[in-house]
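1. Give me a 3D structure for the following:
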Amino acid sequence: MVRAILRYLITNPDAKDTIEGVRKWWLPAGYREQPQGELEGVLDFLASKNWLTTRMTLDQKIYGVNKKQLAEIRIFLEKFQVRQKN
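-> Down below sits the predicted model:
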């Protein structure tokens, strides 16, 4: 789920959404049924790495990519792809 979210954000760096929008738009179909707590945990983990930004509205968080970290995110995704090929 981490890689799916990051891949989406690399190609859609202006995307910003709530947890339900993340589920609907950012995740491929196979991940959309994950429990909300698990998805929220992944999003909070990515925010703790400073790869995602969060903003609170009156009743929910809005997530987006930290554009200053795009190069680091790309490196992470490329390293993982290299490991899978070996």
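2. so where do the helices sit in the chain?
-> Per DSSP state H, the chain carries helices over the ranges 2-11, 19-21, 36-48, 70-85.
3. what mean pLDDT does the last one have?
-> Put plainly, it is helix 70-85. The average pLDDT within helix 70-85 is 83.
4. so where's this structure shaky on pLDDT?
-> 82-86 (pLDDT under 70).
5. switch to 90 and redo it
-> 30, 79-86 (pLDDT under 90).
6. okay if I get the helices of the chain as a markdown table plus distance to residue 30?
-> (C-beta placed from N, C-alpha, C; glycine too.) Formatted as a markdown table, the helices of the chain follow (distance: least, Cβ to Cβ, whole Å):
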| stretch | distance to residue 30 |
| --- | --- |
| helix 2-11 | 9 |
| helix 19-21 | 17 |
| helix 36-48 | 13 |
| helix 70-85 | 17 |
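7. Residue 59: which of those helices is closest?
-> With respect to residue 59, and counting by Cβ to Cβ, the nearest of the helices of the chain is helix 19-21 at 11.6 Å.
8. And the contacts of that closest one?
-> 36, 39, 40, 43, 60, 61, 63 (Cβ atoms under 8 Å, 6 or more residues apart in numbering).
9. Whichever of the residues you listed end up buried, select them in PyMOL.
-> To isolate the buried members of the contacts of helix 19-21 in PyMOL, using 16 or more other Cβ atoms under 10 Å:
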select buried, resi 39+43+61+63
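10. For residue 15, state which of the contacts of helix 19-21 is nearest.
-> Once Cβ to Cβ is applied, the member of those that ends up nearest residue 15 is residue 63, at 8.6 Å.
11. Surely that closest one is in contact with residue 22?
-> Yes - judged on Cβ atoms under 8 Å, residue 63 makes contact with residue 22 at a distance of 6.0 Å.
12. shared neighbours, these two?
-> With Cβ under 8 Å, 6+ apart, residue 63 and residue 22 have common neighbours residue 43.
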